[in-house]
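Novice: Show me how the following folds:
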Amino acid sequence: MQWKLLITCYTLFKGLHEVYHASSFFYVLLVTQL
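Specialist: Take a look at the predicted model:
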């Protein structure tokens, strides 16, 4: 069941990547508003 762990790790990594992009986008939005 090694592939299941791999998929879980990949999904978590992808999720973190999405969150990072969203937060950086909001940060730029916040900075430009100031």
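
Novice: contacts and neighbour counts: CA atoms only from here.
Specialist: Will do.

Novice: how close does residue 10 get to residue 24?
Specialist: As judged by Cα to Cα, to the nearest Å, residue 10 and residue 24 stand 21 Å apart.

Novice: what do you get for residue 9?
Specialist: Distance from residue 9 to residue 24, by Cα to Cα: 22 Å.

Novice: Quick one, grab the pLDDT at residue 34.
Specialist: Note for residue 34: predicted pLDDT of 80.

Novice: I'd like to know how far it sits from residue 21.
Specialist: In terms of Cα to Cα, residue 34 sits 20 Å off from residue 21.

Novice: So between those two, which is more surrounded?
Specialist: residue 21 (12 against 5; other Cα atoms under 10 Å).

Novice: can you tell me the helix or strand for that one?
Specialist: helix 2-33 (DSSP states H and E).

Novice: residues of that helix that come out buried?
Specialist: By 16 or more other Cα atoms under 10 Å, helix 2-33 has no buried positions at all.

Novice: That helix: how far from the chain's middle?
Specialist: Centre-to-centre, helix 2-33 and its host chain are 0 Å apart (Cα atoms, centre = their mean, to the nearest Å).

Novice: and it, what does it pack onto?
Specialist: Using 3 or more Cα pairs under 8 Å, 6 or more residues apart in numbering; DSSP states H and E, no helix or strand is in contact with helix 2-33.

Novice: Give me the mean pLDDT for stretch 15-31.
Specialist: Rounded mean pLDDT across stretch 15-31 is 93.

Novice: CA atoms only: put stretch 14-26 into CSV for me.
Specialist: Taking Å, rounded to 0.1, in the frame of the first residue of the first chain, the C-alpha atoms of stretch 14-26 are listed here in CSV:
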residue,chain,number,x,y,z
LYS,A,14,-0.7,20.2,-3.8
GLY,A,15,-3.1,21.6,-1.2
LEU,A,16,-0.3,23.5,0.5
HIS,A,17,0.9,24.8,-2.8
GLU,A,18,-2.6,26.1,-3.5
VAL,A,19,-2.8,27.7,-0.1
TYR,A,20,0.6,29.3,-0.6
HIS,A,21,-0.4,30.8,-3.9
ALA,A,22,-3.7,32.1,-2.5
SER,A,23,-2.1,33.7,0.5
SER,A,24,0.7,35.3,-1.6
PHE,A,25,-2.0,36.7,-3.9
PHE,A,26,-4.0,38.1,-1.0
